[in-house]
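**Q** Sequence unavailable; structure follows:
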Ligand SMILES: [Zn+2]
């Protein structure tokens, strides 16, 4: 789904400052794990502030990771990291 016209125009104009949706989605799982370098982290945060689609994507990623954590406590960090990537990959395939 491409989103509304206004949203598309705004995101195109702001892209050089805040990064594209594609770039942000690639980094959501790292953002969730807190493993991004500070400059990239700020870029993702700024993007999420104005981009509703990426914000809801991030929210569903957080929910999924939390439910995966509840399912299995072993190798917690590794499990949540890979689950986040699987979700991002799946949503990107469906959404773009
Ligand atoms: Zn976005």
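**A** Structure received. These numbers come from a predicted model, not from an experiment. Numbers count the residues shown, from 1 in each chain.
**Q** which parts of the chain sit against the ion?
**A** Residues of the chain lying close to the ion (Cβ under 5 Å from the ion) are 21, 51, 54. Heads up, the C-betas are built off the backbone N, CA and C, glycines and all.
**Q** what sits against residue 24?
**A** Residues near residue 24 by Cβ atoms under 8 Å, 6 or more residues apart in numbering: 43-44, 47-48, 51, 54.
**Q** Look up which helix or strand it falls in, please.
**A** Element membership of residue 24 [criterion: DSSP states H and E] is helix 21-33.
**Q** buried ones in that helix?
**A** By neighbour count on 16 or more other Cβ atoms under 10 Å, the buried set for helix 21-33 is 21, 24-25, 27-32.
**Q** Likewise for stretch 53-65?
**A** 53-54, 57-58, 61, 64-65.
**Q** coming back round to it: now whatever helix or strand comes next after the helix holding residue 24: average pLDDT?
**A** Of the helices and strands lying after helix 21-33 in sequence (DSSP H and E), the nearest is helix 38-50. Computed over helix 38-50, the mean pLDDT rounds to 93.
**Q** Return the list of helices and strands in contact with helix 38-50.
**A** If you count contacts as 3 or more Cβ pairs under 8 Å, 6 or more residues apart in numbering; DSSP states H and E, helix 38-50 packs onto helix 5-18, helix 21-33, helix 52-71.
**Q** who's in contact with the residue nearest to the spatial centre of the chain?
**A** Centroid-nearest residue in the chain, with Cα atoms, centre = their mean: residue 28, separated by 3.0 Å. Contacts for residue 28 (Cβ under 8 Å, 6+ apart) come out as 44, 54, 57-58, 61, 84, 88.
**Q** That one and residue 9: what is the separation?
**A** To residue 9, residue 28 is 23 Å away according to Cβ to Cβ, to the nearest Å.
**Q** which residues touch residue 21?
**A** By Cβ under 8 Å, 6+ apart, the neighbours of residue 21 are 11, 47, 51, 53-54.
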